[in-house]
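Novice: Test case, fold it:
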Amino acid sequence: MLKNIQEWTLLLAIFGVVSLLGNWVGYDIMPLEAIPGMIVLVLICLVGLILQKLIPVNIPSVAYVAIVGVLASMPWMPGSEQIVEWTASVNLLALATPILAYAGIAIGRSWTDFVQLGWRSIVVAVCVMLGTFLGSALIAELVLRIQGII
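Specialist: Numbering: from 1, shown residues only. The predicted model follows:
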């Protein structure tokens, strides 16, 4: 368990540093201003990952991370105002960029395994991606029209 925690901490620290740089370059938020929020986010992720290993229920770790994050930011939780203030300086897209890059690299390494599944799986994957894109575009169009933005 200790080895897992060390690996998670290292990986989260790397993502944190890259996200701080993305936050600075893309959104003009100085790293020193965003460091407290990034530390809070890394700690929330770490606690969620540890809970997933400790609790014997088979629930994905992302659910534990989300639950810890929600509980930490609830108004009745001591220090939640400070947590919300700190994490507000970290932009969501600055967080998503390194994670998506890592996912792309992971998929790229196993591309040969993906190709071995056959052409049918590629057709299904393209249909799923197209459906997701069109569904998202349709929902965005409806919400923006209802709000009168477009």
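
Novice: which element follows the worst-scoring helix or strand of the chain on mean pLDDT toward the C-terminus?
Specialist: The weakest-scoring helix or strand in the chain, judged by mean pLDDT, DSSP states H and E, is helix 111-116 (a mean of 67). Sequence order places helix 119-147 as the next helix or strand after helix 111-116, per DSSP states H and E.

Novice: Point out the other elements, helices or strands, that that following helix touches.
Specialist: helix 111-116 (3 or more CB pairs under 8 Å, 6 or more residues apart in numbering; DSSP states H and E). Quick note: C-beta positions are derived from backbone N, CA and C, even for glycine.

Novice: and the gap between the residue most central in space within the chain and residue 71?
Specialist: The residue lying closest to the centre of the chain (CA atoms, centre = their mean) is residue 96, at 5.6 Å. Noted for residue 96: a distance of 23 Å to residue 71, by CB to CB, to the nearest Å.

Novice: do the same with residue 132
Specialist: Distance from residue 132 to residue 71, by CB to CB: 30 Å.

Novice: If you count surrounding residues, which of those two has more?
Specialist: Using other CB atoms under 10 Å as the criterion, residue 132 and residue 71 rank with residue 71 on top: 13 against 10.

Novice: close enough to count as contact, residue 15 and residue 97?
Specialist: No - using CB atoms under 8 Å as the test, residue 15 is too far from residue 97 to be in contact (9.8 Å).
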